[in-house]
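J.: Requesting a structural model of the entry that follows:
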Amino acid sequence: MGELYGAVGILIFFVFIVVANSVRIIREWERGVLLRFGRFDHVKMPGIRFVWPVIDKLIVIDTRVVTMDVPKQEIITRDNVSVMVDAVVFFQVINAEYAVTKVENWVRATSLQAQTTLRSVIGQAELDELLAERDKINSKLQSIIDEVTEPWGIKVLAVEVRDVTLPESMKRAMANQAETERERRAKIINAEGEAQAAQKLKEAADTISANPQALQLRYLQTLREIGTEHNTTIVFPMPIDLIDSFRKVLEKLEKGFGSDS
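T.: Residues are numbered from 1 along each chain as shown. Presented below is the predicted three-dimensional model:
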């Protein structure tokens with residue numbers, strides 16, 4: 001009888017070990033890829049799941065969004081400028097079966113693909129495009145990486161170029177360029193202002209020349225302004241026509257003297 005009890009106890013212990021090793025808990029954000037005799041059988045959903053020992057192997061895949069830093073790399077742009085660029089990639093597993101059966105290490109594979117694509121895309125872009133059209137480059141990076149990782153069951157949600165570090169010499173050159181550009185714009189604006197002022201003065205002169213009384217009114221207005229600001233100043237306006245008359249008389253006198261000689 002004692003031997004029977006001992007055998008039953010050993011059997012119960014063995015069953016307990018088997019059950020303990022066979023019951024698996026899959027969390028809400030995980031998927032279990034079941035391999036039976038080394039072949040893919042099915043994907044187990046979240047909950048308490050039973051796995052046969054020895055004949056089954058359960059590989060649990062995390063389906064949450066993974067945020068991965070792409071290491072900073074020194075890249076030469078299309079216009080031969082050396083820059084240091086790093087990025088961040090957001091991706092997640094959308095097909096757990098493919099993530100296990102199509103690629104050995106889906107995280108490492110995605111990381112290496114992101115680094116390679118970053119070097120390729122930045123190398124085809126010019127510096128101005130890299131600085132001014134960041135969204136366009138991000139979209140291109142996402143499209144290329146996602147096209148490669150889609151057969152692996154991985155969806156690339158976004159790629160963001162995080163930082164672009166320029167050499168000090170290039171920073172000084174860009175600062176000088178920006179300063180020169182601001183000076184050029186200031187000169188153009190000043191020249192446009194002078195041209196507009198000259199045009200308005202011409203229009204005012206044409207208006208006054210068409211009506212001589214307007215010139216006299218302008219004289220009186222000027223005298224009033226001077227008298228208001230400087231009460232001790234006395235101004236005697238001299239018409240320009242009078243000066244022209246004196247000039248014509250002097251020219252006639254010079255011609256007369258010249259003919260006498």
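
J.: quick one: low-confidence ranges for the stretch 51-200 of the chain?
T.: Applying pLDDT under 70 to the stretch 51-200 of the chain flags residues 171.

J.: Try it again at 80.
T.: For the stretch 51-200 of the chain, the stretches with pLDDT under 80 are 167-179.

J.: ranges for the strands of it?
T.: Taking DSSP state E, counting those that start in this stretch to define them, one finds strands in the stretch 51-200 of the chain at 56-62, 66-76, 82-93, 154-165.

J.: between the third one and strand 154-165, how many degrees?
T.: This means strand 82-93. 160 degrees (axes from the mean of the first three to the mean of the last three Cα atoms, to 10 degrees).

J.: Just the buried residues of strand 82-93, please?
T.: Buried residues in strand 82-93, defined by neighbour count with 16 or more other Cβ atoms under 10 Å: Val83, Val85, Asp86, Ala87, Val89, Phe91, Val93. For every residue, glycine as well, the C-beta is placed using N, CA and C.

J.: got it, and the first one?
T.: Within strand 56-62, the residues that qualify as buried are Leu58, Ile59, Ile61, counting by 16+ other Cβ under 10 Å.

J.: Next up, the contacts around the nearest residue to Trp106 once chain neighbours are set aside.
T.: In this structure, Trp106 finds its nearest non-sequential neighbour in Ala99, 4.7 Å apart by Cβ to Cβ, 6 or more residues apart in numbering. Residues near Ala99 by Cβ atoms under 8 Å, 6 or more residues apart in numbering: Val33, Ile61, Val93, Trp106, Trp152, Gly153, Ile154.

J.: one more time with 7 Å, if that's ok
T.: Residues near Ala99 by Cβ atoms under 7 Å, 6 or more residues apart in numbering: Ile61, Val93, Trp106, Trp152, Gly153, Ile154.

J.: again, but for Arg134
T.: Contacts of Arg134 (Cβ under 7 Å, 6+ apart): Val161.

J.: Repeat that for Gln142.
T.: Contacts of Gln142 (Cβ under 7 Å, 6+ apart): Val156, Ala158, Val159.

J.: Thanks again, I'm all set now.
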